[in-house]
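Peer 1: Build me a model:
(one chain, ligands or ions: 3)
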Amino acid sequence: MHPLLNIAVRAARNAGNIIIRSLQHVEHLEVTTKGRNDFVSDVDRLAENEIISVIKKAYPDHAILAEESGRSGDNDTVWIIDPLDGTTNFLHGFPHYCVSIAVMVRGKIEHGVIYDPLREELFTASRGDGAQLNDRRLRVAKRKELTDGLLATGFPFRNPQHLPAFLATFNSLFTQVADVRRTGSAALDLAYVAAGRLDGYWEIGLKKWDLAAGVLLIEEAGGVVSDFVGGDNYINSGNVVVANLNLHKKMIDSIAPHLTDELKK
Ligand code: IPD
Ligand code: CA
Ligand code: CA
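Peer 2: Ligands and ions are numbered 1, 2, ... in the order given. Below you'll find the predicted structure:
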């Protein structure tokens, strides 16, 4: 395992342990609101501090972009951290959330880890080296027709201005596929596409820490990642469509007629 990935795994497992230990007192957690429908708890912060301290011990000069504490440092290597993806699930005792850590070197995502501490599932990828779940190699699903597909999505609950366009894309895709899930953890949705458990996924306006590790997992598992117009601006726009090659094109074609100008960027 690459040394950077090794540190990412250690950090993700430590953060996972913090999350699991906190489950005993989840109903007493202090929760604050960062914005509309955007909650944060001490667990998010503790997990993030632990991740950053593991990274800093190994690589004191590397830069950090973390959801709760923001950007720090100036270096070619940037660690992109979501200490708890699926906070709303976590706070409600809905057992589906994860830790997501990616390493970006000179603007390219090189390593990614997504760790589900409840199922003890560790998804890892290094560019050019494939993607794994624990020790098993991952491949995206092979389905060729949307009719057979199980997709996932995220609702634009923080950006209600996109709701009409989102619902139009939902209407178009939902009526063509087997079913659609909304799990509440974008990072796990991406990991599940890499693992072939989901056939595709789309969401408007993700943040870098939601998607950085997951998109590498998908590419390394043979899948395709793009923004809503098939381009590669998804890291900046946060608008993302992922699937295998056959279904990706069909998803893009279904989404295209419903895009506002803002969503074409
Ligand atoms: C959120 C989750 C959710 C997605 C949101 C994300 P958080 O992350 O991944 O599934 O729909 O866009 O912001 O706030 O739980 O880390
Ligand atoms: Ca997140
Ligand atoms: Ca989070």
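
Peer 1: How about the residues of the stretch 1-150 of the chain by ligand 3?
Peer 2: Neighbours of ligand 3 within the stretch 1-150 of the chain, by CB under 5 Å from the ion: 67, 82, 84. From N, CA and C alone the C-beta is placed, and that goes for glycine too.

Peer 1: which one of the residues you listed is nearest residue 213?
Peer 2: Using CB to CB, residue 82 comes nearest to residue 213 of those, at 8.2 Å.

Peer 1: Is there proximity between the helix or strand where that closest one lies and ligand 2?
Peer 2: Assigned by DSSP states H and E, residue 82 belongs to strand 77-85. Yes: residues of strand 77-85 contacting ligand 2 under CB under 5 Å from the ion: 82, 85.

Peer 1: Make residue 1 into 2 and carry on from there
Peer 2: Noted, 2 is the first residue going forward, which turns the last one into strand 78-86.

Peer 1: just checking, next helix/strand downstream of that strand?
Peer 2: helix 88-92.

Peer 1: for the helix or strand following that following helix, packing partners?
Peer 2: Next helix or strand after helix 88-92 toward the C-terminus (DSSP H and E): strand 99-106. Using 3 or more CB pairs under 8 Å, 6 or more residues apart in numbering; DSSP states H and E as the contact test, the elements touching strand 99-106 are helix 4-23, helix 43-59, strand 78-86, strand 109-117, helix 187-195, helix 209-221.

Peer 1: now do 7 Å
Peer 2: Applying 3 or more CB pairs under 7 Å, 6 or more residues apart in numbering; DSSP states H and E, one finds that strand 99-106 makes contact with helix 4-23, strand 78-86, strand 109-117, helix 187-195, helix 209-221.

Peer 1: got these as a markdown table, with mean neighbour count, distance to residue 43 and mean pLDDT columns?
Peer 2: Listed next are the helices and strands packed on strand 99-106 as a markdown table, based on neighbours: other CB atoms under 10 Å; distance: least, CB to CB, whole Å; pLDDT from 0 to 100:
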| stretch | mean neighbour count | distance to residue 43 | mean pLDDT |
| --- | --- | --- | --- |
| helix 4-23 | 20 | 8 | 97 |
| strand 78-86 | 27 | 11 | 98 |
| strand 109-117 | 25 | 19 | 98 |
| helix 187-195 | 30 | 20 | 98 |
| helix 209-221 | 27 | 18 | 98 |
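
Peer 1: Same list (those) but as CSV, adding distance to residue 166.
Peer 2: Below are the helices and strands packed on strand 99-106 laid out as CSV (distance: least, CB to CB, whole Å):
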stretch, distance to residue 166
helix 4-23, 34
strand 78-86, 24
strand 109-117, 27
helix 187-195, 18
helix 209-221, 19
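
Peer 1: Lowest mean pLDDT among the helices and strands of this structure, which one is it?
Peer 2: strand 39-42 (a mean of 68; mean pLDDT, DSSP states H and E).
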